[in-house]
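# got a predicted structure plus its sequence, pasted below:
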Amino acid sequence: MSVQIVILAVYAAVLLVIAWYSTKIQKSAKGGRVLNYLIAGRNMPVILVASMLTGLAIGGASTVGVAQVAYTKGFSAGWYNAAWCIGGIIAGILVIGHFRKARVKTVPEMMLIMFDSKTRTAAVISQLIVMISATAMQYVAGGAILAALLPDVFTFRGGMMASAAIFIFITVVGGYWASGLTNVINVIVIYIGIIVALIKTLSMFGGLSAIQQSFEPTQTFWLDPISGLGIAGVSAYVMVMATMVISFQASAQIGFAAKDEQTAKKGFLLGGILIFPAGFLCAIFGIAAAAKFPNLQNAAMALPQIVTQLPAAIGGIFLAALWAADISTAVGLLMGCSTIATEDIVKKIYTKPLTQSGEMIVSRIVVLFISLLSFGLALTATGILNVITTALSILTAQTILILSNIYFPKLCKKAAGFWMIIASVIMWAIWTYLPQLRVGPHLIYSQWAVCLVIFIITAIFAKEKAGSLIADKPA
């Protein structure tokens, strides 16, 4: 049995034990089993809040994806995570304390408080478009990582199934407590693996200066923090992430689960700091691959190609780190999808009162259903995953609505909610399926422009104010 398999098996076993242990916390912690299962009983401490945000941010896109972009664009690819960092800190400062005070479980529930039921329905649809597709991407990323780095053990589909088994067990069995506790381990494993592998990679290739000398003298963008992507590309990253973190169910739910308002704020600020280095560190792998393996047919193989050059033990640790990044994102996304499905769909349709045990069973069934649905999407419709980055921009409308309700309540009108969310979905559909109609370098710019126009029109002409999200409620 190879060293890599042993390391991977030990890591997986630790996560499964933590998920099993989390069932005991659900039974003993305050708040009731269902509340503990979906949002950790609103009792997560700072370290778990920070770990959940960090784990959500550092996924396959932040490791393999960043290295892929860096293979052609250089160091600036790391702005993907830097933008996540900025988004997390902005959310921590501006909104996350208000989210905790509102005592809601989902972003669509917030839309219902501020606007009406049809706005809530539109929010459910838009959130699920983003999250189910993003969750499916994690299955695909998990399969790609295992198949590329352990080809004698895993096929692509076999890797997807192994990844899915871990994702589903953690979420179905352990719920949000398991997600938080496993993400503490995941974040530690991610950074240990990345740092150890990077040190060895630079040692093998003679350091950054030697790598830079492998390129043409005129190619100065490789180690430049901006020029590879350019100002427009970096700005698009920052705008997308700063917009998304505020209204994305998977990130907002972390705030809902925090112990109190200050815990939520501190956790997001700490999480933002922890997120920052990962992207730039992984960008160096892509640059090293471009220098030493300049003719790769698929840039997505940049990071796997580097891993194949590492000693077995270090490669095994790095493999666990890449898989940890995938798992940490997947569990947060799955719990976000499932909480919306439980609270905003199932409970809306089935209005009869349930016992605690009955509601717990329903919640687990919903989590399992969403898990299998997203896995089925990954197996049968992987082409949709190419639109995930632009799909995040769908959340622009909900971010503007939330910010305006908190900071400019007189301008936030009830008529704005439904039409802004519908417009954001239509804009995404046009960008995705009618590329000849695209305007600007990225969809996020059009989203902000159109949503702001609708907001301003309703602010001027509509009369009925939106409901207040931050009306005084008990903590």
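The structure has been received and is ready for your questions.
# tell me the mean pLDDT over the helix or strand hosting Gly358?
Under the criterion of DSSP states H and E, Gly358 resides in helix 356-380. Averaging pLDDT along helix 356-380 yields 81.
# what comes up buried for it?
Buried residues in helix 356-380, defined by neighbour count with 16 or more other Cβ atoms under 10 Å: 359-360, 362-364, 366-367, 370-371, 373-375, 377-379. C-beta here means a position set from N, CA and C on the backbone, and glycine is covered the same way.
# tally of neighbours for Val425?
By other Cβ atoms under 10 Å, 16 other residues sit near Val425.
# and it, what helix or strand is that in?
In the assignment (DSSP H and E), Val425 maps to helix 416-433.
# show me which positions of that helix end up buried.
Going by 16+ other Cβ under 10 Å, helix 416-433 has these buried residues: 416-425, 427-428, 430-431.
# and the next helix or strand after it, which residues are buried?
Following helix 416-433 in sequence order, the next helix or strand is helix 443-461 (DSSP H and E). For helix 443-461, burial by neighbour count (16+ other Cβ under 10 Å) applies to Leu443, Ile444, Tyr445, Ser446, Gln447, Trp448, Val450, Cys451, Ile454, Phe455, Thr458, Ala459.
# quick one: pLDDT of the nearest residue to Ser179 once chain neighbours are set aside?
Nearest residue to Ser179, sequence neighbours excluded (Cβ to Cβ, 6 or more residues apart in numbering): Val331, at 4.3 Å. According to the prediction, Val331 has pLDDT 88.
# repeat that for Gly417.
Looking at Gly417, its pLDDT stands at 96.
# surely it meets Thr119?
Yes - the pair Gly417 and Thr119 passes the contact test of Cβ atoms under 8 Å, sitting 3.7 Å apart.
# need the overlap of contacts for the two.
Here Gly417 and Thr119 share the contacting residues Met111, scored by Cβ atoms under 8 Å, 6 or more residues apart in numbering.
# nearest to Lys73 among the buried residues of helix 416-433?
Taking Cβ to Cβ as the measure, Trp431 is the one of the buried residues of helix 416-433 closest to Lys73, at 21.4 Å.
# relative to Thr351, how far out is that closest one?
Trp431 is 38 Å from Thr351, where distance means Cβ to Cβ, to the nearest Å.
# residues near Pro108, how many?
28.
# so what's it up against?
Pro108 touches Arg120, Thr121, Ala123, Val124, Gln127, Gln249, Ile340, Glu343, Asp344, counting by Cβ under 8 Å, 6+ apart.
# the fourth one: which element?
Right, the one you point to is Val124. Assigned by DSSP H and E, Val124 falls within helix 117-149.
# how big is the angle separating that helix from helix 356-380?
Between helix 117-149 and helix 356-380, the angle comes out at 60 degrees (axes from the mean of the first three to the mean of the last three Cα atoms, to 10 degrees).
# need the next SSE after helix 117-149, C-terminal direction.
Counting by DSSP H and E, what follows helix 117-149 is helix 156-169.
# tell me the mean pLDDT over the next helix or strand after that following helix?
Later in the chain than helix 156-169, the nearest helix or strand by DSSP H and E is helix 175-205. The average pLDDT for helix 175-205 rounds to 93.
# can you check stretch 19-39 too?
79.
# residues making contact with it?
Under Cβ under 8 Å, 6+ apart, the answer for stretch 19-39 is 40-43, 105, 169-170, 173-178, 181-182, 253, 256-257, 335, 338-339, 342-343, 356-357, 359-360, 363-364.
# for Ala258, give me phi and psi.
Here is the backbone geometry of Ala258 (degrees, to the nearest 10): phi -70, psi 160.
# farthest pair within the contacts of Pro108?
Across the contacts of Pro108, the two lying at the largest distance from each other (Cβ to Cβ) are Thr121 and Gln249, at 14.6 Å.
# no more questions from me, cheers.
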